[in-house]
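A.B. asks: Whatever this is, show me its structure:
(one chain, ligands or ions: 1)
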Amino acid sequence: MQKHLVLVGGGHAHMVTLKHLHTFIEKGHRVTVIGPSKYHYYSGMGPGMFSRTYTPDDIRFATEHVVTKQGGSFILDKVVKIDPAAKTVFLEKGDPVSYDVLSFNAGSYVPWDQVDGEHTDIFSVKPIETLLMAQARVLELITQKKISVGIVGGGPSSLELAGNVWQLARDQGNYMPEITIFAGSSLMSRFPERIRNMAYRSLHKRDVKIIEQDYAKQVSKGRITLESGAVHEADIIFLAVGVRPSTIFKESGLPTGPDNGLLVNKFLQCTEHPEIFGGGDCIYFQDRPLDKVGVYAVRENPVLYHNLMVSLEEGELQPFDPGGSYLLIFNVGGGRGILGKNSLMFDGRLAFWIKDYIDRKFMREFQEMEK
Ligand SMILES: Cc1cc2nc3c(=O)[nH]c(=O)nc-3n(C[C@H](O)[C@H](O)[C@H](O)COP(=O)(O)OP(=O)(O)OC[C@H]3O[C@@H](n4cnc5c(N)ncnc54)[C@H](O)[C@@H]3O)c2cc1C
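C.D. replies: All right, here's what the predicted structure looks like:
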């Protein structure tokens, strides 16, 4: 019997499902993919795109083309609500879509809670497309005058962005900006001391200021106010305060974890509705919380593909094993990186070279589907 598979978001966890979309069609099923952009951008290469190490084409995947080429339908829209009893998703603009099996890879967003008033010259590090607008604005200003750039947040995205703002200005600007990171408690506080020291060293070499032990309380056009009362001016402000899963699950009354991510069991299956699945940043994995890193989304791929297929056909669901530790490499700009896996930690050109090799290989594999 023909069934309807609906995929929400064409992110990292749906890549294998998208690659094999034709296998659902060949078995007589309908597939619809819903997403707010015709493309999916690979966030791991986002800061590198900002500094022009990569072009937008290098880091994006033509979701709509890949879906329609294989006989699926693509709807350019955003899911805003789910009615699990009626097995229907509601869209921001278009008509509701009903499903037999539904899978979420709707990612995460950077909260704008601290932002007050006008949003002019304030950019968040996600969605990655935003970095393109930010790049154009920074370039416009740094060719004319010396500006200040404030980056709110003290994690890896702040580190990567600071290094890549520096690189963009070095390579393309007439004036070097004054870059400040407002790191909250302390820079890269979740990471081992050696990685943190490498991060400090890299930022100090580029004259990036780091403000610690003081959280940003309010951000408004050109201004960052800290909890201590200190006020800092900045021509451009980036929000890199961490990410949260989409709020659609909570708002739809689906079971969620403490971060509002869709609560899924070991089969990446919603704990209350067996025909709903999910992967990537938008889920809360019941067995153990997972870091919001692309590595897990990528590891979830084959399990999601298998479990979606057996839910439409027959067979046993496969459990997801998150696996052990993972390799992290930060692109700190200027062709340099910081690499860490277990006790192996080093920085420099080799670290970036490894990241560049892995990231380009990952993108090539998925861009192959576009042919
Ligand atoms: C600047 C930056 C750099 C990073 N670098 C790394 C790195 O080097 N390595 C690493 O492992 N992790 C990195 N991360 C973390 C990584 O980005 C995330 O863990 C990863 O993107 C999660 O993948 P995802 O597919 O779940 O979400 P996303 O990549 O966010 O994809 C979600 C998709 O869903 C779509 N979507 C969103 N809302 C809706 C909706 N309502 N309806 C329909 N579609 C929707 C979006 O358009 C998008 O295509 C980085 C994050 C940032 C911000």
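A.B. asks: For the one residue in the stretch 251-371 of the chain that gets nearest to the ligand, which residues are in contact?
C.D. replies: Nearest to the ligand in the stretch 251-371 of the chain, going by CB to the nearest ligand atom, is residue 280, at a distance of 2.0 Å. Placement of C-beta: from N, CA and C, glycine included. Contacts here follow CB atoms under 8 Å, 6 or more residues apart in numbering; on that basis residue 280 touches 9, 11-13, 105-107, 294, 296-297, 300.
A.B. asks: so can I have CSV of those showing pLDDT?
C.D. replies: Below are the contacts of residue 280 laid out as CSV (pLDDT from 0 to 100):
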residue, pLDDT
9, 95
11, 85
12, 91
13, 95
105, 96
106, 94
107, 93
294, 90
296, 96
297, 94
300, 97
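A.B. asks: which of those residues come close to the ligand?
C.D. replies: 9, 11-13, 105-107, 294, 297 (CB under 6 Å from any ligand atom).
A.B. asks: The ligand contacts on the chain?
C.D. replies: Going by CB under 6 Å from any ligand atom, the residues of the chain near the ligand are 8-13, 34-37, 40, 43-44, 46-47, 78-79, 105-108, 125-126, 157, 160, 246, 248, 280-282, 292-295, 297.
A.B. asks: Let's see that with 5 Å instead.
C.D. replies: By the rule CB under 5 Å from any ligand atom, the part of the chain lying against the ligand is 8-9, 11-12, 34-36, 40, 43-44, 46, 78-79, 105-107, 125-126, 157, 280-281, 292-295, 297.
A.B. asks: Tell me which stretches of the stretch 251-371 of the chain form strands.
C.D. replies: 262-264, 276-278, 283-285, 328-331, 337-341, 344-348 (DSSP state E, counting those that start in this stretch).
A.B. asks: Same question for the last one: list its buried residues.
C.D. replies: Pointing back at strand 344-348 there. 345, 347 (16 or more other CB atoms under 10 Å).
A.B. asks: Just the mean pLDDT for that strand, thanks.
C.D. replies: For strand 344-348, mean pLDDT is 97.
A.B. asks: In contact with the residue nearest to residue 294 when sequence neighbours are not counted, which residues?
C.D. replies: Spatial nearest neighbour of residue 294, chain neighbours left out: residue 12 (5.2 Å); criterion: CB to CB, 6 or more residues apart in numbering. Residue 12 makes contact with 40, 42, 105, 280, 294, 297-298, 301, according to CB under 8 Å, 6+ apart.
A.B. asks: rewinding a little: tabulate the ones next to the ligand among the contacts of residue 280 in a markdown table, adding columns for secondary structure.
C.D. replies: Converted to a markdown table, those look like this (DSSP: H, G, I helix; E, B strand; the rest coil):
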| residue | secondary structure |
| --- | --- |
| 9 | coil |
| 11 | coil |
| 12 | helix |
| 13 | helix |
| 105 | coil |
| 106 | coil |
| 107 | coil |
| 294 | helix |
| 297 | helix |
